[in-house]
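Colleague: Provided below for reference: sequence and predicted model.
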Amino acid sequence: MRILDENDVCIGLGKNIRKYRARNGWSQEQLAEKLDVSATFLSNIETGRSWISANTIAKLCNVLKIDIYELFMQDEAITAETASFMDNFVRDMSNSVCTSIENTYQRYKKGITVL
C-alpha cells in the first residue's frame, strides 16, 4: 500500500464523482444543479482542484445512490468480490438495524396506554 497525500485524495474523489456521474448519464451541469453547486465548482472537484464539505458529500451519495465508501475507493483497490461483499454487508446491517428498531418499538408500544 502506498502512502497517500491530500492531493491523491482530492484526485481520487474527483475521479469517482466523474465515474458515477457518467454512469448516470449526467453532464456536470446536471449534477451541479442536483447538488445546488455551480458547474465550475463541480468541475474543480472532479479535477481535484477543490474539496467539498461533508454536507455536499452526503448530497452526492444520496443523488448518486451510492454508499459513502464508494466515493473514496480506488478502482484498483477493490475486486468485484469485495464490492459484492461490501454491498451485501451494508444491506444486511441496514436490515438488521431496521428489524431491531421495529422489534423494540413493538415491545414498547404494547406498554403505552393512550388516555
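Modeller: Now that the structure is in, tell me what you want to look at.

Colleague: when you work out contacts or count neighbours from here on, use the C-alpha atoms and nothing else.
Modeller: Will do.

Colleague: work out the gap between the helix or strand containing Cys98 and the centre of the chain.
Modeller: Following DSSP states H and E, the helix or strand that holds Cys98 is helix 80-110. Helix 80-110 sits 18 Å away from the centroid of its parent chain (C-alpha atoms, centre = their mean, to the nearest Å).

Colleague: again, but for stretch 2-17
Modeller: 15 Å.

Colleague: report the mean per-residue pLDDT for that stretch.
Modeller: For stretch 2-17, mean pLDDT rounds to 89.

Colleague: ok, stretch 69-78 next?
Modeller: When pLDDT is averaged over stretch 69-78, the result is 75.

Colleague: Ile52: how many residues sit nearby?
Modeller: For Ile52, the count of nearby residues is 13 (other C-alpha atoms under 10 Å).

Colleague: SS state for it?
Modeller: coil (DSSP: H, G, I helix; E, B strand; the rest coil).

Colleague: now it. Nearest residue, chain neighbours left out?
Modeller: Leaving aside its sequence neighbours, Ile52 sits nearest to Ile45 (C-alpha to C-alpha, 6 or more residues apart in numbering; 7.3 Å).
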